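S.K.: whatever this is, show me its structure:
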Amino acid sequence: MKVAGLGFRKDVTLTSLREALLAAGGPEGLTAMATVSDKADAEALKQLARECGVPIRAVPAETLAGIDTLTQSKLIAEKFGTGSVAEAAALAAGGPRARLIATRVVSQDRTATAAIAQGDGP
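M.R.: Numbers count the residues shown, from 1 in each chain. Next comes the predicted model:
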């Protein structure tokens, strides 16, 4: 399974999420999108998932904590206990043997990040 992990600010737009996803490699072949549970209901994310025809996997914040990521954000590390919500969510949703195939990229307006993992599912 191929999962796009997305991290974003609460005021993110569909355009910013789409831009980050495209920069990470695009929606082709995706089987799901994943983000931290408290943001899984964001309207822009739901719109992007519908556009791409994939479900959203909500990952509890405590699951993200401690997942080693290739990129590091000091702010995210302090808030979530991982270096990248996008990378950690993609890895968590991709299953125990998931690996990143695209590291975190950031939208131009810096409100959205995306990463893509390949795995065998939870």
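S.K.: least confident secondary structure element in this structure?
M.R.: Within the chain, no helix or strand scores below helix 74-80, which has a mean of 86 by mean pLDDT, DSSP states H and E.
S.K.: which of the residues in it are buried?
M.R.: 76, 80 (16 or more other Cβ atoms under 10 Å). For the C-beta atoms, the positions are set from N, CA and C on the backbone; glycine is no exception.
S.K.: likewise stretch 114-122?
M.R.: Those would be 114-119, for stretch 114-122 by 16+ other Cβ under 10 Å.
S.K.: contacting residues around that stretch?
M.R.: 1-7, 17, 20-21, 23-25, 30, 84, 86-87, 89-91, 93-105 (Cβ atoms under 8 Å, 6 or more residues apart in numbering).
S.K.: the helix or strand that Ala117 is a member of pairs with which strands?
M.R.: Assigned by DSSP states H and E, Ala117 belongs to strand 112-118. For strand 112-118, the paired strands and their directions (DSSP bridges) read strand 2-8 (antiparallel), strand 99-106 (antiparallel).
S.K.: want to throw those strands into a markdown table with mean pLDDT, distance to Gln47 and mean neighbour count?
M.R.: Listed next are those as a markdown table, based on pLDDT from 0 to 100; distance: least, Cβ to Cβ, whole Å; neighbours: other Cβ atoms under 10 Å:
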| stretch | mean pLDDT | distance to Gln47 | mean neighbour count |
| --- | --- | --- | --- |
| strand 2-8 | 97 | 12 | 28 |
| strand 99-106 | 96 | 20 | 19 |
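S.K.: returning to what we had before: chain center to the least confident helix or strand of the chain: distance?
M.R.: Taking Cα atoms, centre = their mean, to the nearest Å, one finds helix 74-80 lying 15 Å from the centre of the chain it belongs to.
S.K.: now stretch 2-10
M.R.: 2 Å.
S.K.: residue most distant from the centroid, the protein?
M.R.: In the chain, Glu78 marks the outermost C-alpha relative to the chain mean, sitting 17.8 Å out by Cα atoms, centre = their mean.
S.K.: with that, I have no additional questions.
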